[in-house]
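> Fold the following, please.
(one chain, ligands or ions: 1)
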Amino acid sequence: MSREPILSADDATPEPPATAAPAISLTGEEDTALRPKRMEDMVGQCEVYERLKIAVDAARIRSEPLGHVLLDGPPGLGKTTFAMCIPNELGVPLQIASGAALAAPKDLLPYLSNAEEGSVLFIDEIHRLPKTVEEFMYPAMEDFRIDITVGEGISARTVNMSLRPFTLIGATTRTGLLSAPLRDRFQVREHLDFYSHEELTEIIRRNARKLKIAIDDEAAKKIARCSRGTPRVANNRLRWVRDYATSRANGEITFAVSQEALSMLSIDILGLDAQDRKYLETIHRVFHGGPVGVEAIAHTLNTATDTLSDEVEPFLLRAELVVRTPRGRRLTAAAYKHLGLDPPDDLPRLLDADEESSQPLF
Ligand code: ADP
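You can find the predicted model right below:
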């Protein structure tokens, strides 16, 4: 536990968070309109859904706070949506914070002291919490109490403050970056995976109804196939195709309309966009197919490493266009084929050699 004073004597009584509004930016009004409000309205993630539903039902029946929940997986797969549906199921208030904005223990204090009995505190990007904040959370999560150091120097004293039992829901794209003590304090840990084409088709159909736009089955399937297994991407593609249909067609999304609209975004048959293809082409052209470290690719593309490893790579790895090995990223035969190139003759041997020591995705 950090001994740094987190409060001066004058501000020992924590102020409530400025507003009840989320500290993270939850995209525009439409996104809120498309986001399911109840767990049963969510599509896919069946096993995760079942396990969370059991935990939530049990907590409600016993009138106890739900155990702390950690959700991990690539962006746009429903971590925030689960975190927002769970309090609705439990009928309890929700507070939202972002790991990146909680720079010091005092930033977390208003959330903890305002947490009502059984309520949910959602921390997005929890892997970004600094160590001091993480350590400050341990007793809060385990015993619902915090130790606050008030004042400085010889007048410093530690005040022990009890909290009302609450549930922490943490979301992360990088479980690997969470320290083991923090990870172990979550009773429920779930990994969200990419969605099937059928699940995304269903999400698109439902959201087209919410957006009050007519869409035919073939068009919904086409948009689903081009959505990188990700509901957020599916929603964005749907909105673009809707705009296109309104501007260039008679307002209905037919297969032809969806095809024309998506080709204007340079989205190909696998749903890859220009950035995905640039990533693959760079490994081929500059690094001769790999292996190459993600930092080198990021420098060459003039992109942040985090953007590549959080947003671009997970789907390319999942689609088996790239493999990740201890020596770096390497293109697979499928990637060469997708780029319209012949794979090198010795590719199988190179991949075999790399795969012997390959690492899991997350
Ligand atoms: P994450 O927090 O993992 O980045 P979100 O929960 O914000 O992702 O999801 C992005 C959007 O995708 C949401 O606004 C919602 O409309 C949609 N979405 C996510 N998961 C589902 C789901 N299981 N069913 C229907 N829509 C979903």
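
> Provide the backbone phi and psi angles at A304.
Phi and psi for A304, reported as degrees, to the nearest 10, are phi -70, psi 140.

> What residue, apart from its backbone neighbours, is nearest it spatially?
A298 (6.5 Å; C-beta to C-beta, 6 or more residues apart in numbering). Where you see a C-beta, it was placed from the backbone N, CA and C, and this is true even at glycine.

> Correct me if wrong, but that neighbour is in a helix.
Yes: the assignment for A298 (DSSP: H, G, I helix; E, B strand; the rest coil) places it in a helix.

> how close does it sit to I283?
12 Å (C-beta to C-beta, to the nearest Å).

> and what of I223?
28 Å.

> Between A298 and I283, tell me which one has more neighbours.
Ranked by neighbour count (other C-beta atoms under 10 Å), A298 and I283 place I283 first, with 26 against 19.

> close enough to count as contact, that one and G289?
Yes: if you go by C-beta atoms under 8 Å, I283 and G289 touch, sitting 6.3 Å apart.

> Determine the residues that are contacts of both of those two.
Counting by C-beta atoms under 8 Å, 6 or more residues apart in numbering, the residues touching both I283 and G289 are 330-331.

> tell me the pLDDT at D147?
If you check D147, the pLDDT there is 87.

> Could you shift the numbering so residue one becomes 13, and keep it that way?
New numbering, starting at 13: the last item is D159.

> and it, how many neighbours does it have?
With other C-beta under 10 Å as criterion, D159 counts 16.

> what's downstream of the helix or strand encompassing it, the next helix or strand?
For D159, the host element (DSSP states H and E) is strand 157-162. Next helix or strand after strand 157-162 toward the C-terminus (DSSP H and E): strand 169-174.

> What helices and strands are in contact with the very next helix or strand once past that next one?
Counting by DSSP H and E, the next helix or strand C-terminal to strand 169-174 is strand 179-184. Using 3 or more C-beta pairs under 8 Å, 6 or more residues apart in numbering; DSSP states H and E, the elements in contact with strand 179-184 are strand 81-84, helix 91-102, strand 132-136.

> hang on, the earlier thing: tell me the angle of the strand holding D159 relative to strand 169-174?
150 degrees (axes from the mean of the first three to the mean of the last three C-alpha atoms, to 10 degrees).

> Now do the same contact list for H203.
Contacts for H203 (C-beta under 8 Å, 6+ apart) come out as 60, 83-85, 187, 374.

> Quick one: residues contacting the residue nearest to E214 when sequence neighbours are not counted.
Spatial nearest neighbour of E214, chain neighbours left out: V55 (5.0 Å); criterion: C-beta to C-beta, 6+ apart. V55 makes contact with 207, 211, 214-215, 218, 243, according to C-beta under 8 Å, 6+ apart.

> Rebuild those residues as a markdown table, extending it with distance to the ligand and secondary structure.
Formatted as a markdown table, the contacts of V55 follow (distance: C-beta to the nearest ligand atom, whole Å; DSSP: H, G, I helix; E, B strand; the rest coil):
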| residue | distance to the ligand | secondary structure |
| --- | --- | --- |
| Y207 | 7 | coil |
| E211 | 8 | helix |
| E214 | 8 | helix |
| I215 | 5 | helix |
| R218 | 7 | helix |
| P243 | 3 | helix |
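
> Could I have the buried ones of these as ChimeraX selection syntax?
One line in ChimeraX is enough to select the buried ones among the contacts of V55; burial here means 16 or more other C-beta atoms under 10 Å:
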select :207,211,214,215,243
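
> nearest to P99, of the contacts of V55?
If you rank those by distance to P99 using C-beta to C-beta, P243 comes first, at 20.1 Å.

> Wait, that closest one touches T213, no?
No: look at P243 against T213 with C-beta under 8 Å: they stay out of range, at 11.4 Å.

> Got the domain ranges for the chain?
Each domain of the chain is listed here as a residue range: 41-203, 209-276, 286-363, per automatic domain parsing.

> Just the pLDDT for the residue of the chain found nearest the ligand.
For the chain, the residue closest to the ligand is G90, as judged by C-beta to the nearest ligand atom, at 2.8 Å. Looking at G90, its pLDDT reads 96.

> ok now do it, which residues does it touch?
Contact partners of G90, counting by C-beta under 8 Å, 6+ apart, are 54, 57, 204, 243.

> Can you tell me the SS state at the residue nearest the centre of the chain?
In the chain, the residue lying closest to the centroid (C-alpha atoms, centre = their mean) is P87, at 3.3 Å. What three-state DSSP gives for P87 is coil.

> Verify the stated contact: it with T185.
Yes: using C-beta under 8 Å, P87 is in contact with T185, at 5.8 Å.

> Quick check: neighbours shared by these two?
D322.

> Pull up the residues of this protein that are close to the ligand.
Applying C-beta under 6 Å from any ligand atom, one finds that the chain approaches the ligand through 43, 46-48, 54-57, 87-93, 183, 215, 243-244, 247.

> and those, which are buried?
46-48, 54-57, 88-93, 183, 215, 243-244, 247.

> so where's this protein uncertain?
13-43, 360-374 (pLDDT under 70).

> And the residue sitting furthest away from the middle of the chain, how far from P117?
For the chain, the residue at maximal distance from the C-alpha centroid (C-alpha atoms, centre = their mean) is I166, at 44.2 Å. Remark: distance between I166 and P117 (C-beta to C-beta) = 21 Å.
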